[in-house]
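J.: No sequence on hand, only this structure:
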């Protein structure tokens, strides 16, 4: 939701600038990148949920499955979320970042 709100804010800013006759390629590019990353994150969540629902009861099989299937999907999803965090305005990001955790909390 935070990234979606930020996208709305960027889109509104872009529309205002363009209405005033100002072209802003950087805002448009950020908006497009954020939209793509949101899609990748949502797809990653769906894939991860699908994999988690397939975990077997047998502990050894479940552990191997998590190592081979679930963990790589978690790592990919984390990359997409990290990318979103990097681009989204810090004021909009509701979760403490590493700097906050290490020095401010």
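T.: Nice, I can see it. What you see is a predicted model, and the numbers here were worked out from it, not measured in a lab.
J.: in this structure, what spans have low per-residue confidence?
T.: Where the chain drops to pLDDT under 70, the residues are 105.
J.: Which positions in the longest helix along the chain come out as buried?
T.: In the chain, taking DSSP state H as the definition, the longest helix is helix 25-53. Along helix 25-53, the positions that meet the burial threshold by neighbour count (16 or more other Cβ atoms under 10 Å) are 27, 30-31, 34, 37, 40-41, 44, 48, 51. Glycine gets a C-beta too; all of them are placed from N, C-alpha and C.
J.: How many neighbouring residues does residue 10 have?
T.: Taking other Cβ atoms under 10 Å as the criterion, the count of residues near residue 10 is 21.
J.: Could you list which residues are in contact with it?
T.: For residue 10, the contacting residues are 27, 30-31, 34, by Cβ atoms under 8 Å, 6 or more residues apart in numbering.
J.: Look at the residue nearest the centre of the chain and give its secondary structure.
T.: In the chain, the C-alpha nearest the mean C-alpha coordinate belongs to residue 81, at 3.0 Å (Cα atoms, centre = their mean). When the structure is split into helix, strand and coil by DSSP: H, G, I helix; E, B strand; the rest coil, residue 81 lands in helix.
J.: Could you check how far the closest residue to it other than its chain neighbours is from residue 2?
T.: Leaving out its chain neighbours, the residue that sits closest to residue 81 by Cβ to Cβ, 6 or more residues apart in numbering is residue 41, at 6.0 Å. For residue 41, the distance to residue 2 equals 12 Å [Cβ to Cβ, to the nearest Å].
J.: isn't the residue nearest to residue 81 right up against residue 78?
T.: No - under the contact definition of Cβ atoms under 8 Å, residue 41 does not touch residue 78, with a separation of 9.8 Å.
J.: just to revisit the earlier point, with distance to residue 69 as extra columns, can I get the contacts of residue 10 in CSV?
T.: CSV is the format used below for these (distance: Cβ to Cβ, whole Å):
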residue, distance to residue 69
27, 38
30, 33
31, 33
34, 28
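J.: Taking these, tell me the two that lie furthest apart.
T.: In the contacts of residue 10, two members sit farther apart than any others by Cβ to Cβ. They are 27 and 34, at 10.6 Å.
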